[in-house]
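Asks: Starting from these lines, generate the structure:
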Amino acid sequence: MGTSSASGPSRRGVLGTAAAVAAGAALPALTASPARAAGAARPNVLLIVTDDQPKQTEWATPKTVAWLAGQGVRFTHGHVTTPLCSPSRSSVFSGRFAHNHGVRNNSASHSLDQRTTLQRYLKQAGYRTGLFGKYLNAWDVADNPPHFEEFALLRPSYTDGTFNVNGTVRTIPGYTTTVIKNRTLAFLEASRTDDRPWFAYVTPYASHGPFTPEPKYAGTDVPAWEGRPSVPEEDRSDKPKYVRDATQTLAEGREVRAKQLRVLRSVDDAVQAFRDKLAALGQLDNTLVIYIGDNGFNWADHGLTGKAVPYRPAHEVPFYLSWPGGGLGGGTTDDRIVANIDIAPTILDAAGITPDTPHDGHSLLGTHSRDHLLVEWWRQGSGAGAKNTWSSYVAKDRQYTEYYDLLTDAAGTVTGTGQVRFREYYDLRADPYQLRNSLHQATPADERALGIPALATALANDRTS
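Replies: Purely as a prediction, here's the structure:
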């Protein structure tokens, strides 16, 4: 959501221009996409979505970064619009906010209209589609994922995993990231005899808890970490009650960080194997590759370990894109505010497919640039001590959050008065670690000076758009 500060038609013939403009970096001269302008085949698509991977994890994925950022595009302001697995993945598939696709919590996966998904459009357009790894939370492993021709759907685990392989549920021994890697490689190899373009959705369980490493990476030394100013933030008197009551320490955050880094080493190996296979197949140039975490993770920031909160470590994620055949293979940075809702529009744009359902996101191949993003999360159930439903206006320089009297049930249905229970405002230029809530003890005059009435109006509009 948000207004466009540089909108224009998404032009598949002029790709990557926005990345150069945003970053001030040089890109190859792009008067036309070599893949599209010459009438070449539609690109293959490799979409990699990791689990609970925060932004500050590049030490663990050097091969991924060298390929997709070093020879593609690194998005420096990558976000998810709901920092929770199933709502975020549903936004990846549909290009829509959770309040529009309906998957407001991890129990509501069947609320997603499968006719609106990326995989439906691609399969309908003649793509060979494959899913390898985790799908949606609360999805029965025995249920085949719609619109995927081939699949190895994982019931989340790290070792000796239960998979649904093309309709047959069975245990496959070994480390699940390796199993997912090998299944994906076999899918890619099949393109030697099947000339259809392909879409591979690859989604290992890493770096989700319990963070079980591949044996060769167990005990791997990771770089020392002394935390950041938000860890653990001793004075939280200006925060909502669930944050004031949080108890996670630097030691606990450091332990989670180390475990996540170790399990991500195996993901990095898999990504390198994908690159090597694409090179061997001669498909590296005309494969659009996108890599993103489904949400971030707190390492004891504000005393919290986990996700589902409106603080930056939870909704900021690694986000890379590479497509040499589309002019996006030069190793640039793009500082636009981008999000998981932009993935489906980007892929369909590259494939030349116009969806018949609206998107909230925008193709990253064009010049669209938002000035802020809606990030939202819903409380499920009425358990004591839980945080309230919240939504947030996130810009590069500021963030405004409201908490509400709203609940969802297992189907994602919302009930409650909607009354605002708590508010936060952070000046991200002066306070990037969100230590000082400027609305704590603020007067009405203070709020006007901060522009809060306008932000509240914008947030209300975003939540209903």
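
Asks: which residues touch the closest residue to S107 other than its chain neighbours?
Replies: Using Cβ to Cβ, 6 or more residues apart in numbering and skipping residues adjacent in sequence, the residue nearest S107 is A410, 4.1 Å away. From N, CA and C alone the C-beta is placed, and that goes for glycine too. Taking Cβ atoms under 8 Å, 6 or more residues apart in numbering as the criterion, A410 is in contact with 105, 107-108, 380.

Asks: Would you mind putting these into TSV with distance to P310, neighbour count and secondary structure alongside?
Replies: TSV is the format used below for the contacts of A410 (distance: Cβ to Cβ, whole Å; neighbours: other Cβ atoms under 10 Å; DSSP: H, G, I helix; E, B strand; the rest coil):
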residue	distance to P310	neighbour count	secondary structure
N105	16	26	coil
S107	21	18	coil
A108	20	26	coil
Q380	16	20	strand
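
Asks: Validate this expectation: I172 resides in a helix.
Replies: No. Read with DSSP: H, G, I helix; E, B strand; the rest coil, I172 is strand and lies in no helix.

Asks: Could you report the separation of it from D268?
Replies: Distance of I172 to D268, given as Cβ to Cβ, to the nearest Å: 21 Å.

Asks: I figured E447 hits P453, correct?
Replies: Yes. If you go by Cβ atoms under 8 Å, E447 and P453 touch, sitting 7.0 Å apart.

Asks: Just the endpoints, please. Distance across stretch 165-180?
Replies: Length of stretch 165-180, first residue to last, Cα to Cα, to the nearest Å: 11 Å.

Asks: buried ones in it?
Replies: In terms of neighbour count (16 or more other Cβ atoms under 10 Å), stretch 165-180 has its buried residues at 172, 175-180.

Asks: packing partners for the helix ranked longest in the chain?
Replies: Determined from DSSP state H, the single longest helix within the chain is helix 250-281. Under the contact criterion of 3 or more Cβ pairs under 8 Å, 6 or more residues apart in numbering; DSSP states H and E, helix 250-281 touches strand 44-50, helix 62-64, helix 176-189, strand 287-293, strand 298-301, strand 304-306.

Asks: Residues contacting the third one, please?
Replies: Applying Cβ under 8 Å, 6+ apart, the contact partners of helix 176-189 are 130, 132-133, 150, 152, 154, 157-159, 161, 163, 165, 172, 198, 200, 202-206, 214, 263, 266-267, 269-270, 273-274, 277-278, 281, 283.

Asks: Are any of these buried, and if so which?
Replies: Neighbour-count burial (16+ other Cβ under 10 Å) applied to the contacts of helix 176-189 gives 130, 132-133, 150, 152, 154, 157-158, 161, 163, 172, 198, 200, 202-206, 214, 263, 266-267, 269-270, 273-274, 277-278, 283.

Asks: Can you report how many residues neighbour R155?
Replies: Per other Cβ atoms under 10 Å, the neighbour tally for R155 reads 18.

Asks: now what about stretch 441-450, what contacts it?
Replies: The contact list for stretch 441-450 (Cβ under 8 Å, 6+ apart) reads 425, 438-439, 453.

Asks: Of those residues, which belong to helices?
Replies: If you go by DSSP H, the contacts of stretch 441-450 have P453 in helices.

Asks: In PyMOL, select just the buried ones from the contacts of stretch 441-450.
Replies: Selecting the buried subset of the contacts of stretch 441-450 in PyMOL, with 16+ other Cβ under 10 Å as the burial test, is done by:
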select buried, resi 425+438+439
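
Asks: K216: what's it in contact with?
Replies: Contacts for K216 (Cβ under 8 Å, 6+ apart) come out as none.

Asks: Let's see the pLDDT reported for it.
Replies: pLDDT recorded at K216 is 97.

Asks: Looks to me like it is in a strand.
Replies: No. Assessed with three-state DSSP, K216 is helix; it does not lie in a strand.

Asks: mind checking how far it is from T178?
Replies: Look at K216 and T178: by Cβ to Cβ, they are 10 Å apart.

Asks: still on that earlier bit, now tabulate the contacts of stretch 441-450 in a markdown table and tack on distance to T389 and pLDDT.
Replies: What follows is the contacts of stretch 441-450, written out as a markdown table (distance: Cβ to Cβ, whole Å; pLDDT from 0 to 100):
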| residue | distance to T389 | pLDDT |
| --- | --- | --- |
| Y425 | 18 | 98 |
| S438 | 22 | 98 |
| L439 | 18 | 98 |
| P453 | 22 | 98 |
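
Asks: Spatially, which two of the contacts of stretch 441-450 are the most separated?
Replies: S438 and P453 (14.2 Å; Cβ to Cβ).

Asks: so where do the helices sit in the protein?
Replies: 17-23, 34-37, 62-64, 85-94, 98-101, 118-124, 176-189, 241-244, 250-281, 312-315, 343-351, 444-450, 452-463.

Asks: dump the residue contacts of the spatially closest residue to G227 that is not a sequence neighbour.
Replies: Spatial nearest neighbour of G227, excluding adjacent residues (Cβ to Cβ, 6+ apart): L250 at 4.7 Å. When contacts are counted by Cβ under 8 Å, 6+ apart, L250 is found next to 226-227, 231-232, 300.
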